[in-house]
Each structure stands twice: as C-alpha cells, then as structure tokens.
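*Asks:* Here's my sequence, what's the structure:
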Amino acid sequence: MKRQVLSLIFIYMMFATKAQTKILEQANALYQKKEYFTALEKYEVICKKHSPYYVHAASRIAYCYWYMNQPHKSEKILNEISTHCDLNDSLKFFHAQVLKKLGRYKEAQEKISALKEKYQTNNLYSRFHASCDSAMEWIKNPAPYVVEELKKINSPYSEITPFLFKQNSLVFASNKEGMIIKKKSGMNGLPYYDLYITNPVQTDIMASELYTEARPFSSKINSVHHEVSACFNKSFDKMYFTRSRVYELNESGDDKINRLKLFCATYQNGFWSEPYKFIFNDSTCSYGHSCMSPNEDLFFFASDMKGGYGGIDLYVCIKIDSLNWTTPINLGPNINTEGDELYPYYHADSTLYFASNGHITMGGFDLFSCKEKYGEWGEVQNLKYPINSSYDDLSLFISDDKKYGFFSSNREGGAGEEDLYFFKLKD
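*Replies:* Here you go, the predicted model:
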C-alpha cells in the first residue's frame, strides 16, 4: 500500500512538473514578445516556493512589474526571493536599479558596492554609483524651472506625448476609455492609446490651470489600434503620428507581434484625410515617435531596426523633394547608446531633445538635449531635476523661446500611470 501511495505521489509530481514546464514555456514566449502583463499571469501560476522554477518565475515577475512601471512591486518580489536564496549578480544589479528608480539612491549605492568591488574593470557599476551621486546633487541644486501637473487633463490612466497645436491647443495621447472600443495591451493590460486635443481656457500660456477636459482629436485618425506621438508642420495642415500594427509570425496566425508604424495625414476643407503610411515602414521592426525640423527638411524618429547601437535608436531622414527622403541615418554614438532613445523633438536652434535610459539618468528614462553644429552632434546634456525625476520622464515639447514646455512622466504624485506636466523658466 505504501509503495502504491509513493507511486501515485511520484506520478502526480511528474505530471505537475510537466504542466509547469508547459506554462513556463508559454510565459517565456510572451515575455520575449514584451507581453509582460499576459506573461505575468502565467508566471504567477508556477511561482510557488517548492517549485523548481520558483527563482526563474519570481525574478521574471519582478521584471514584468519593472517594464509595467511598477517598481514598488518589483522590489517586493526581489525581497521575497532574497529570503529564499541569495540573489545572483544580475538580480543584485537589478535590485539596485529598482531602488534607484524609487529615488532611494543611498540604498542603491549600497546594493551595488559589492559588485563595484568585485568587477573593478567593468565601469557599469562605477558609472551606476556615479549616476546616483549626480541625481542627489541635481536634487540639491535644481535647474531653474517650475514644474506643474496638468491636473484638468490627467486621468487615472496614461497621458503622454504632448504637442502644442494651433492657438495653443494641446494634442496628446491617452489610453483612458474613449468613444472607440479599444483592444487591451498585452504589455501592461491597459487599453490602447487614442489622440486627444484640449483648448486653452486662458490666453496666457504661462498661466496655471491653462487647460480643461480634452476630447478625441479626430475619428479619421483614432482607430482600434494605438495612436500616439502626433507632430505637425508649422502651418498645421500635415501631421505625422505613430500607430501600432499586428503582424502574424506564422501561417496559422496564432503567433503575432505588435509593431509601431509611422503614418501621415493632411488637413483639407476642415477635415483630416485618411491616414497613409510614411515611406519607411516594414514588418521586421518598429518605426515611431517622430518629429520634424521647423523647415520640414529633417524627419527624426525612433526605431529598433538592425544595425543600431542599442535596443531603440534615433534616426533622421533628409528631404530630397516633396515626395522623397533619404534612407534613415542613425544619429550615431554621441546620442544613441546600448539602451533606448525615444521621443525626439528638434528645436529651431538645432537642438535635439529626446528621452534615454542609456545615458546617465536619475533613475529610469530622463530627458536630454544635444546641439547640432556643422553636421556633428555635440555633448549630450541631462535636463536635470525638476524636469527629470527618478521615474520615467518622456516626450518633451519646448517653445520657440525655450521659456516653457510640456512633457510626460510617471513620477509619484500624479493622477495615473503617466501624466502631463507643464514647465517654465523661473522669473
């Protein structure tokens, strides 16, 4: 009888492990496709401390929360893993990154100190340590800006990619519930983005509470897919924006991937045209988050195409004539890093503003500037605190006189996931 019981237990454990292995394979596949919200649900099924897959599943859960912009939950999971076993060096560094994003710079430095000593020839850890020093110094001596949340616009969801439209109206993207029934993202479980517009309630752009509740931008532009990162020419009769497209990776159609693509539209007789694709788009990579130079001769965007310096790089196309552009040109190693560079904005004085997590940052993504001179990019400058924070600070728009602007951030104290902020130079 005892042997029969043991045999049954063995058979049960064998089938349970096999089932866990299958779920783990599914979770890993979703994770590789950056569908972190969906992968998280799978990892949680097998994240049991007696499971042989516990450490792998738990660490992946911590990373999923990280990519879903929930570093507090990442920290909680990492603390739980550390009570079960010693963190390997990769997880120790990740733990330090999480603490840095939470603004706990001294704790982050303490976490990294042993790795800094162990890998003295690797400047990754000494650079991380120095970036914490920089962040604390920038908070102590802030840049001369006032930053205000746009409370009348922000929602419990996400508001990103602000762009100043005609008559000081503001166009931005939000994934709050709108008129169109949207899909939900496998990356974070939230609805897809639409473009919105809000009109100023005062003539003074520098006034507080300038904007009121927003409305959908255009039914011709918004769709069941993501629409984000609208930019316009100076006459506001042509726009570029980013839209997601789903591509099938196999003939059966059961394996799919989301790619970002660039679209254009023109304004005629009081209406926006049907969007059409920008000349450079293909199914092998993403193209998105574009901007134009004021004279419309330069077109900047972000892409993860092959041959770059990191995950996502910034590129530029130069106008040949009204219909043709040069092939994309990588902006080079002064701007692009082993990390990601996103959301370019090109100012009339030849300064490029962008977001990066590869340059020295205060935590997650920071906003940077870089001046172009004689076709060469100069030194990259961090915009520092209070524009930047320990969280993700993205998608900056700055005025022609550089006295004010807008950006998005998921810093603490906001209304939702990401929020819109207004900044201006101190008097």
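
*Asks:* buried sites along stretch 344-364?
*Replies:* Buried residues in stretch 344-364, counted by 16 or more other Cβ atoms under 10 Å: 344-347, 351-364. In short, each C-beta sits where N, CA and C put it, glycine included.

*Asks:* Which of those residues fall in strands?
*Replies:* 344, 345, 346, 351, 352, 353, 354, 355, 356 (DSSP state E).

*Asks:* Find the nearest non-adjacent residue to the first one, please.
*Replies:* With Cβ to Cβ, 6 or more residues apart in numbering as the criterion, residue 344 has its nearest non-adjacent residue at 4.1 Å, and that residue is residue 300.

*Asks:* just the last one next, same as before
*Replies:* In space, residue 356 comes closest to residue 341 once its chain neighbours are excluded; the distance is 4.8 Å by Cβ to Cβ, 6+ apart.

*Asks:* wait, that neighbour sits on residue 358?
*Replies:* Yes: counting by Cβ atoms under 8 Å, residue 341 touches residue 358, with 6.7 Å between them.

*Asks:* Name the residues contacting each of the two.
*Replies:* residue 310 (Cβ atoms under 8 Å, 6 or more residues apart in numbering).

*Asks:* pLDDT weak spots in the chain?
*Replies:* When residues are selected by pLDDT under 70, those of the chain lie in 1-19, 49-50, 178-189, 207-208, 246-256.

*Asks:* Would you tell me which strand is longest in it?
*Replies:* As assigned by DSSP E, the longest strand anywhere in the chain is strand 256-268.

*Asks:* which residues sit in contact with the nearest residue to residue 42 once chain neighbours are set aside?
*Replies:* Leaving aside its sequence neighbours, residue 42 sits nearest to residue 27 (Cβ to Cβ, 6+ apart; 3.5 Å). Neighbour list for residue 27: 39, 42, 43, 46, 57, 60 [criterion: Cβ under 8 Å, 6+ apart].

*Asks:* Can you report phi and psi for residue 27?
*Replies:* The phi/psi pair for residue 27 (degrees, to the nearest 10) reads phi -60, psi -40.

*Asks:* Please, where are all the helices along the chain?
*Replies:* Assigned by DSSP state H, the chain shows helices spanning 2-32, 36-46, 54-67, 71-84, 89-101, 105-118, 123-140.

*Asks:* Now render those as CSV, adding distance to residue 196.
*Replies:* What follows is the helices of the chain, written out as CSV (distance: least, Cβ to Cβ, whole Å):
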stretch, distance to residue 196
helix 2-32, 30
helix 36-46, 23
helix 54-67, 25
helix 71-84, 27
helix 89-101, 28
helix 105-118, 36
helix 123-140, 32
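
*Asks:* Need the contact partners of stretch 364-381.
*Replies:* With contacts defined as Cβ under 8 Å, 6+ apart, stretch 364-381 is touched by 101, 331-332, 334-335, 340, 342, 349-357, 359, 382-383, 387-388, 390-394, 396, 407, 410.

*Asks:* Kindly recompute the last result at 6 Å.
*Replies:* By Cβ atoms under 6 Å, 6 or more residues apart in numbering, the surrounding residues in contact with stretch 364-381 are 101, 334-335, 350-357, 359, 382-383, 387-388, 391-394, 396.

*Asks:* what does stretch 419-427 give?
*Replies:* Identification of contacts with stretch 419-427 by Cβ under 6 Å, 6+ apart yields 144-150, 153-154, 159, 162, 206, 387, 403-409.

*Asks:* Try it again at 7 Å.
*Replies:* For stretch 419-427, the external contacting residues (Cβ atoms under 7 Å, 6 or more residues apart in numbering) are 144-150, 153-154, 159, 162, 172, 206, 387, 403-409.

*Asks:* That's all I had, so thanks and see you.
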